[in-house]
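In: Coordinates only, no sequence provided:
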């Protein structure tokens, strides 16, 4: 074999070794829709990648033949894979348990001191106003300790 033949064999062997260190794949949801922007991370070597608009990714891992790969996507359950260098990975991610709807039932007191205000503020809600209902608004405040109503017109109160 001549010198150029040896160089060609060496280059083909070396390129085969380099290409074997690349992990490629695709990330989709359970319906088969590609997940754009899913992140893949190898904690052993701090190497990472993100998927493109078709869910494809490629990671070059030069040091390890077998390594851990963590896959994350917003709204999906994170997954950890053990992959070999040169392997093609096809994975589908499960959504995190999502509630269909939320119903909040609460009853607020008629009057309370606001915890959101930096100064002491007593809040009087419509519940308190309907409980202390009177013929006019000034009469509703007659039961409140923090509101002092004074009558200036005795005929109309």
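Out: Cool, got the structure. Predicted model, so just to flag it, every value in this text is computed and none were measured.

In: Only C-alpha atoms from now on, for both contacts and neighbour counts.
Out: Will do.

In: Could you look up the SS state of the spatially closest residue to residue 87 that is not a sequence neighbour?
Out: Leaving aside its chain neighbours, residue 87 sits nearest to residue 23 (5.3 Å; criterion: Cα to Cα, 6 or more residues apart in numbering). Reduced to three states with DSSP: H, G, I helix; E, B strand; the rest coil, the structure at residue 23 is strand.

In: Surely residue 23 and residue 62 touch.
Out: No - counting by Cα atoms under 8 Å, residue 23 does not reach residue 62; the two are 10.4 Å apart.

In: Compare the two (neighbour count), which wins?
Out: Neighbour count, other Cα atoms under 10 Å: between residue 23 and residue 62, residue 23 has more, with 18 against 15.

In: Show me the beta-bridge partners of that one.
Out: Note on residue 23: beta-bridge partners by DSSP bridges are residue 59.

In: and if you look at the one 5 residues further on?
Out: Listed beta-bridge partners, residue 28: residue 34, residue 92 (assigned using DSSP bridges).
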